[in-house]
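Novice: one predicted model, sequence on top.
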Amino acid sequence: MREHELQRNPLSKGQVLMVATSCATMNDQGSTATGAWLSELAVPYIMFVSNGYDVTIASIKGGEVPLDPNSMSEKDSGPAVAEVQKFLQCETAQQSMKHSVAIDK
């Protein structure tokens, strides 16, 4: 990752880099949908942002971070439903998920 790709905020407590998968399918035929587990990204993201940190989401290939379809219902969020809803409604978070920073080789 390049230094200029990190989001900067002079009032920030610091910067956090969250790394997610770029893999959207699994098994030999690539027929089983997979991806990042929504609440595993949403909860820490909301906690970091709520506490004054700048968060950059990165993935191996960059671009859109795939989400595991099995993680998309409220029952799969467990006690984190409120944080997941905040994450889904946060335009900055959603843009970060669509345009994640690629990890340099």
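Specialist: Cool, the structure landed.
Novice: what's the burial count for the nearest residue to residue 14 once chain neighbours are set aside?
Specialist: Spatial nearest neighbour of residue 14, excluding adjacent residues (Cβ to Cβ, 6 or more residues apart in numbering): residue 53 at 5.5 Å. Any C-beta I mention is one placed from the backbone N, CA and C, and that applies to glycine too. Residues contacting residue 53 under the criterion other Cβ atoms under 10 Å number 15.
Novice: repeat that for residue 67.
Specialist: Residue 67, neighbours per other Cβ under 10 Å, totals 20.
Novice: just to revisit the earlier point, give me every residue that touches the residue nearest to residue 14.
Specialist: Applying Cβ atoms under 8 Å, 6 or more residues apart in numbering, we find residue 53 in contact with 12, 13, 14, 15, 16.
Novice: show me what contacts the second one?
Specialist: By Cβ under 8 Å, 6+ apart, residue 13 lies in contact with 51, 52, 53.
Novice: any idea how far it lies from residue 53?
Specialist: For residue 13, the distance to residue 53 (Cβ to Cβ, to the nearest Å) stands at 5 Å.
Novice: what about stretch 22-41, how long is it end to end?
Specialist: End-to-end distance of stretch 22-41 (Cα to Cα, to the nearest Å): 13 Å.
Novice: go through the contacts of residue 13 and name the one nearest residue 68.
Specialist: Residue 68 lies nearest to residue 53 out of those, by Cβ to Cβ, at 25.1 Å.
Novice: mind checking pLDDT for that closest one?
Specialist: Listed pLDDT for residue 53 reads 94.
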